[in-house]
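[1] below are the sequence and a predicted model; questions follow.
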Amino acid sequence: MIIDGKCPTGPLAERWDKYRREMKLVNPANKRKYKIIVVGTGLAGASAAASLGEMGYQVDSFCYQDSPRRAHSIAAQGGINAAKNYQNDGDSVYRLFYDTIKGGDFRSRESNVYRLAQISNSIIDQCVAQGVPFARDYAGYLDNRSFGGAQVSRTFYARGQTGQQLLLGAYSALSRQIKAGTVRLHTRSEMLDLVVVDGEAKGITVRDLVTGEISSYAADAVCLCTGGYVNVYYLSTNAQGCSVTATFRAYKKGAYFANPCYTQIHPTCIPVTGEHQSKLTLMSESLRNDGRVWVPLRKGDRRPPNEIVEGERDYYLERKYPSFGNLAPRDISSRAAKEVCDERRGVGPTGFGVYLDFKDAIDRLGEDTVRQRYGNLFEMYERITDENGYKQPMRIYPALHYAMGGLWVDYNLESNLKGLFVLGEANFSDHGANRLGASALMQGLADGYFVIPYTIGNYLAQIKPGAVTSDHVAFAESRENVNVVTKKLLGINGRKTPKEFHRQLGKIMWENVGMARSEASLKRALELIPVLRDEFWQNVRVVGNGSELNQELERAGRVADFLEFAELLTRDALHRNESCGGHFRVEHQMSDGEARRDDDNYSYVAAWGYQGAETVPELHKEPLVFENVHLGIRSYK
Amino acid sequence: MNLNLFVWRQKGPNEPGKLEEIKAIDVSPDMSFLEMLDEVNERLVHQGKDPIAFDHDCREGICGTCSQVINGVPHGPQEKTTTCQLHMRKFKDGDSIYIEPWRAKAFPLVKDLIVDRSALDRIIQAGGYTSAHTGGAPDGNAILIPKPCADRAMDAAECIGCGACVAACPNGSAMLFTAAKVSQLAYLPQGKPEAARRACVMTDAMVQEGFGNCSNHYECEAACPKGIKVSFIAKLNREVLKARCESI
């Protein structure tokens, strides 16, 4: 089926303004009659809940963490993009739009991306007003740095903790609304089901992670801001609690899941050391402003880096992509690292690593300047590896980082299920097949501060407030379904822990659906995943009971969803018979190893509809129309 | 290496708790402290026992969720390092390690090593913000901020709200946390209009939540994984004094 993204038409630069002009509004006195549920308190969730509460709606905000300010947006290091052109280096809204759409390998909507670029400037202003301590120069002006995929300096930052500072800003705005009584906060609460009444999202069912109590909440609209799903690979840069559960359960209730195969592998993470590894730690992309990436020229060269002289090194990013060099986009840098390691030129104990060398930067700028720019990252690197990045090159390797795919939404950020809105990383909309650095923070805050306040009003203005309450039978059914699954998980009493299954699933995904995917590897994954899933439901061991704080049960529920979702992701990757952005099919590459898109056949959004546990999901297509940009080969050479 | 762990086990806030001896075997020096506990938990589950409940999330030292007192020190022996970033190479084969929860009147215990730190959120809710409405903010460069002010604000803003300062303080005081938040906004022009009110309501909220007062032990600064300085407490005191004098 062909689906409609409801994108406005007309001149690109006027679309959002025109669209806003025509939206229906809710009278200020009527706003307090409407209830809105916001799940997740990262940048998208906190900014949405705060803004909607401030407008006068009754908001219920949920997070699984013990405090809203612990959501994983907090871990974003490098920065946030905006088209301010403070550096006078030729930036503009159009250029940010173009870089983002090209960075996404021409697999996103022109209208959405242009709106994102337009809004970007207001985000910076908003955050400054909140007291976000962005870096400043000596004259007191905001400072900028460069990030991958751009030739201008448009990234605003707060040391290496930009995500933390932006989240604390949004959290403080949220806290103000909690105090004002417009937002009710529910911490340590995990959404386990979406309640749908007559095809419209009308509430959620949650588990209180302390008492185990299952309860339901009704609302006039539901916003999911629950982040990405790359923990399906077990090892990723995501937090331990990040899961696909909220979005996947919405998918099982009828919301389409779009482009799940678009996953981002970040080039600069600390390499894996062993089986015990529970997560991978990212080193900000901003390091590539001053660090140079290299490996030995000769295969199997195991000498320490300082014994390998200049002529025996291969600065492969600078060699292959002279105009972007070490700041080539993430997907391209990651694949290049994999290639050199596959050629047995990788470094470190496992051979799966490349050097990120600061020697030239230290010689040029002095160690103090380098420390000022990246001190906390060097400290973090040393804590984890016991190596000093100032004295010897860091070792890095790509790791799963971000999900460009997510629940399908239209231009209003509304799912095909009416009343369900999806924001931030949880939706699919703005990054196409690859996200550029410093764009995730921009999108999360754009959605929460400046898009949803308008579009949700347009929806609410057309419905009667409080039409459905939690007495409706759909809520009791939802709680019953959740209880059945919990009981089942606790009753299997098998021999393997949820973590063992998760680790096994991660291996299948990394080896077969990772940086280089082939028809054969994807088909192999499609055989292996259901076998593992069956074993899970026969042989998982979940200790404890359902009416207490039970972290094993929490993990088991999330792993169960990953085991189903992994198949959807793989199926999407198999169907997409082209290479684009983070989705690299080895069958589809240029003679020089670059990704080969197939615009004639795959220039669409793939939105999958659930058809039942044993049935192949239905593929819906939203054609991507490009009226303003030319679909070029994405070259960074 | 092999270790003897003595871990605080307590089923719930109203149950008795005790230190339980648990062996950690085949621990790799490259493991993080939490990965060591993961392995211990996996073995407990295989034995059909209740695993150790502990808070953790980002595992990269920024979310402030992890919260363990290791050998009497919040976040353990390594300076400026959260529990999740502490690695086992800091320990030796045969070591005994005592692992306990944050202990403070304002942090009621939930289970094992997990405590309820929502009191810190209520301090922020009392006034830890600028009342900037969404939309309508002036251009980010409209008000210049001298670099030293921005830098000092950022030094304070690094606080991850983990509560180690409270756990380390003999008075169970949240002065370092509150001071960091008050100072960040007090240094910035955007925070100035509400600075006096903010300093008063946040310290009032702190007292109401049952946190003690500061008597200059400096244990908070020593335990802080982000190295937040006690000089911010001096700044907080000045802000409060100024505000109270102005209101007379």
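    Yes, it's here.

[2] which pLDDT value goes with residue A:331?
    On pLDDT, residue A:331 comes in at 88.

[3] actually residue B:127, sorry about that
    For residue B:127, pLDDT reads 98.

[4] what does residue B:234 give?
    pLDDT for residue B:234: 98.

[5] in the host helix or strand of it, which residues are buried?
    For residue B:234, the enclosing helix or strand under DSSP states H and E is helix B:231-247. Using 16 or more other Cβ atoms under 10 Å in any protein chain shown as the test for burial, helix B:231-247 gives B:232-233, B:235-237, B:239-240, B:243. (Each C-beta comes from the backbone N, C-alpha and C, glycine too.)

[6] which secondary element of chain B has the worst mean pLDDT?
    For chain B, using mean pLDDT, DSSP states H and E, the weakest element among its helices and strands is helix B:231-247, scoring a mean of 95.

[7] that one - contacts with which helices or strands?
    Other helices and strands packing on helix B:231-247, by 3 or more Cβ pairs under 8 Å, 6 or more residues apart in numbering or on different chains; DSSP states H and E, are helix B:175-187, helix B:195-208.

[8] so residue B:211 makes contact with residue B:174?
    Yes - contact criterion Cβ atoms under 8 Å: residue B:211 and residue B:174 qualify, at 4.1 Å.

[9] which stretches of chain B have low pLDDT?
    Within chain B, not a single segment meets pLDDT under 70.

[10] mind checking the SS state of the residue of it found nearest chain A?
    In chain B, the residue found nearest to chain A is residue B:144; the distance is 3.2 Å by Cβ to the nearest Cβ. Three-state assignment for residue B:144 (DSSP: H, G, I helix; E, B strand; the rest coil): coil.

[11] next one: residue A:619
    strand.

[12] check contacts around it.
    If you count contacts by Cβ atoms under 8 Å, 6 or more residues apart in numbering or on different chains, residue A:619 has them with A:575, A:606-609.

[13] what do you get if the cut-off is 10 Å, keeping everything else the same?
    A:1, A:256, A:571-572, A:575, A:604, A:606-609 (Cβ atoms under 10 Å, 6 or more residues apart in numbering or on different chains).

[14] distance from the chain centre to the host helix or strand of residue A:124, please.
    Residue A:124 belongs to helix A:110-130 when assigned by DSSP H and E. Offset of helix A:110-130 from its chain centre (Cα atoms, centre = their mean, to the nearest Å): 18 Å.

[15] could you give the angle of that helix to helix B:175-187?
    100 degrees (axes from the mean of the first three to the mean of the last three Cα atoms, to 10 degrees).

[16] if we can go back for a sec, touching the least confident helix or strand of chain B from outside, list them.
    B:152, B:155-156, B:159, B:165, B:173, B:175-187, B:195-204, B:206, B:214, B:216, B:218, B:220-221, B:229.

[17] run through the residues you listed and flag the ones next to chain A.
    Checking the contacts of helix B:231-247 against chain A by Cβ under 10 Å from any Cβ of the partner chain, the ones in range are B:152, B:155-156, B:159, B:181, B:184-187, B:201.

[18] widest-spaced pair of those?
    By the measure Cβ to Cβ, B:155 and B:201 form the most distant pair in these, at 23.2 Å.

[19] what is in contact with residue B:211 and residue B:174 at once?
    B:104, B:106-107, B:119-120, B:123, B:166, B:203, B:205.

[20] quick one, strands of chain B?
    B:3-10, B:17-24, B:69-70, B:73-74, B:96-100, B:109-111, B:114-115 (DSSP state E).

[21] again, but for the stretch 201-350 of chain A
    Remark: strands assigned in the stretch 201-350 of chain A by DSSP state E, counting those that start in this stretch are A:214-218, A:221-224, A:257-258, A:263-269, A:292-296, A:313-314.

[22] near chain B, which residues of the stretch 201-350 of chain A show up?
    A:209-211, A:237-242, A:270, A:272-282, A:349.

[23] swap in 7 Å and give it another go.
    A:210, A:239-241, A:273-274, A:276, A:278-279, A:281 (Cβ under 7 Å from any Cβ of the partner chain).

[24] buried among the residues you listed? Need that as a selection in ChimeraX.
    Command for ChimeraX, covering only those of these found buried under the criterion 16+ other Cβ under 10 Å:
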select /A:210,239,240,241,273,276,278,279,281
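
[25] same list (the residues of the stretch 201-350 of chain A next to chain B) but as JSON lines, adding pLDDT.
    Below are those laid out as JSON lines (pLDDT from 0 to 100):
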{"residue": "A:210", "pLDDT": "98"}
{"residue": "A:239", "pLDDT": "98"}
{"residue": "A:240", "pLDDT": "98"}
{"residue": "A:241", "pLDDT": "98"}
{"residue": "A:273", "pLDDT": "89"}
{"residue": "A:274", "pLDDT": "88"}
{"residue": "A:276", "pLDDT": "92"}
{"residue": "A:278", "pLDDT": "96"}
{"residue": "A:279", "pLDDT": "94"}
{"residue": "A:281", "pLDDT": "94"}
